[in-house]
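Undergrad: pasted the sequence and its predicted model underneath.
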Amino acid sequence: MQGRGRGFRDQRMTFTLPRRGVLAGVAAAALLKPFGAGADSDAQTTPSLARIAARGGRYYGAAARFDQIEAERGLGPALARECAQLTPEIHMKWDAIEWHAGQHSFEQADGLVRFAREHGLKVRGHTLLWDQSTPAWAKSKILAGDWSPIRRHFETMLGRYGDVEEWDVVNEPIDTVGGKGGLRRNCFHRGLGAGYVARALREARSLAPTARLLVNDYGFDYDNPVEEARRRRFVKLLADLKAEGAPLDGVGVQAHLDLSKGPLKPEILEPFFAKIADLGLYAVISELDVKEHDLAAPLAERDRRVADQVQQYLDIALAQPNVRGVVTWGLSDRHSWLSEAGADPINRGLPYDAGLARKPMYWAMRDSFLRAHDG
Ligand code: 9MR
């Protein structure tokens, strides 16, 4: 999937914004700016998403790539302005760090960490264990029952990035369709058994005594049988981990929203977050974005649908005291994983458009934070 997201087309168009607070006029002006045209004129005066989120003790962050920050004028300043935190979209994954056994490539991860530090941003660790980003050499050892590559990888990452306060330790362990007992048949499960999640948490804790340790997964958002089963199995996994004393602090709820999946329902989502809270865990909305359903609809309508979905989701999520942060999976549509290379039109499921102007999803997020925090 790497290298996608280049389907850039100038999207400067005029349309009527839905009401988005007092800044709607400013937003309309921002929508007309081309990518890299410099800061929006209001950028210095409008509180950023990070500052608005911080009013409720929460953080706002975005997934980012150092190569894109270097290549795209305007992206770095926008990230630095809006975010309190960056999640490396790919650079801290095992295959990005150690494609060949013992040969480490830290340049991109270090670059992102340096950029974050220079701008006073935190970094979320993403992700220590994910089947899809495990290099082939490590997979074959793990499949043979060997834990030692995991231990060494954790030592490397938690040692080098000791400043990181929050780690996705295990990514995407749930699979209620093709899994075994609802757990994904990944290399860890197949080689090491279902106990790998707890063992990974313990290993991480031994190397990072003060970091917050999370399990991160997707597919919990909608009212359908598959996602209902996924919610149940996820909560059971969390309960089992807590019951056996595994050092788990929180969960990442990815929230890759999808407009083809129907309405979001408070009666589905609220109990889900409440069950997580009952286990003494906090939650981060860790990869928020929206996959569009009808890319042929008029632009204003597309943006309205995306913004409405985000607003509905965040109004529910931010009413939960245990939701501590929101991360969008990228800042600008130009770099979204949802737009394959050359896609035309591109998906518009992030707060900034491809020209790096704020769009209705941005104002929806802002309004949800304000409603949750200021009443
Ligand atoms: O957005 C990421 C994409 O650029 C990478 O090619 C891919 C593989 O490393 O990972 C994508 O991010 C995924 C995240 O790490 C875990 N949840 C699903 C995300 C989208 O696939």
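TA: On my side now, so go ahead. Numbers count the residues shown, from 1 in each chain.
Undergrad: flag the shaky bits of the stretch 1-150 of the chain, pLDDT-wise.
TA: 1-45 (pLDDT under 70).
Undergrad: gap between the nearest residue to residue 354 once chain neighbours are set aside and residue 153?
TA: Of all residues not flanking residue 354 in the chain, residue 334 sits nearest, at 4.0 Å (C-beta to C-beta, 6 or more residues apart in numbering). The C-beta positions use only the backbone N, C-alpha and C, and glycine is treated the same way. From residue 334 over to residue 153 the distance is 32 Å, taken as C-beta to C-beta, to the nearest Å.
Undergrad: more neighbours: which of the two?
TA: residue 334 (24 against 20; other C-beta atoms under 10 Å).
Undergrad: how many neighbours does residue 344 have?
TA: Neighbour tally, residue 344, other C-beta under 10 Å: 9.
Undergrad: where does it land in three-state SS?
TA: coil (DSSP: H, G, I helix; E, B strand; the rest coil).
Undergrad: gap between it and residue 292?
TA: For residue 344, the distance to residue 292 - C-beta to C-beta - is 13 Å.
Undergrad: next: residue 187.
TA: Taken as C-beta to C-beta, the span from residue 187 to residue 292 is 33 Å.
Undergrad: more neighbours: the two, which one.
TA: residue 292 (22 against 19).
Undergrad: get me the contact residues on the protein for the ligand.
TA: 1-2, 89-90, 93, 132-133, 171, 254, 287, 337 (C-beta under 6 Å from any ligand atom).
Undergrad: pick out the most distant pair among the residues you listed.
TA: 2 and 254 (18.8 Å; C-beta to C-beta).
Undergrad: who has more neighbours, those two?
TA: More neighbours surround residue 254 than the other of residue 2 and residue 254, with 23 against 10 (other C-beta under 10 Å).
Undergrad: residue 214 is in contact with the more buried one, correct?
TA: No - contact between residue 254 and residue 214 fails when scored by C-beta atoms under 8 Å: they sit 11.3 Å apart.
Undergrad: mind listing the helices for this structure?
TA: Taking DSSP state H as the test, the helices found in the chain are 24-30, 49-54, 66-71, 75-82, 94-97, 107-118, 136-143, 148-160, 187-192, 196-207, 225-243, 266-278, 299-317, 360-374.
Undergrad: can you put the ones you listed in JSON lines and add distance to residue 323?
TA: As requested, the helices of the chain are exported to JSON lines (distance: least, C-beta to C-beta, whole Å):
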{"stretch": "helix 24-30", "distance to residue 323": "25"}
{"stretch": "helix 49-54", "distance to residue 323": "11"}
{"stretch": "helix 66-71", "distance to residue 323": "27"}
{"stretch": "helix 75-82", "distance to residue 323": "19"}
{"stretch": "helix 94-97", "distance to residue 323": "28"}
{"stretch": "helix 107-118", "distance to residue 323": "22"}
{"stretch": "helix 136-143", "distance to residue 323": "33"}
{"stretch": "helix 148-160", "distance to residue 323": "25"}
{"stretch": "helix 187-192", "distance to residue 323": "28"}
{"stretch": "helix 196-207", "distance to residue 323": "21"}
{"stretch": "helix 225-243", "distance to residue 323": "15"}
{"stretch": "helix 266-278", "distance to residue 323": "7"}
{"stretch": "helix 299-317", "distance to residue 323": "5"}
{"stretch": "helix 360-374", "distance to residue 323": "9"}
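Undergrad: so which of those helices comes closest to residue 127?
TA: Once the helices of the chain are compared by C-beta to C-beta, helix 94-97 is nearest, at 8.7 Å.
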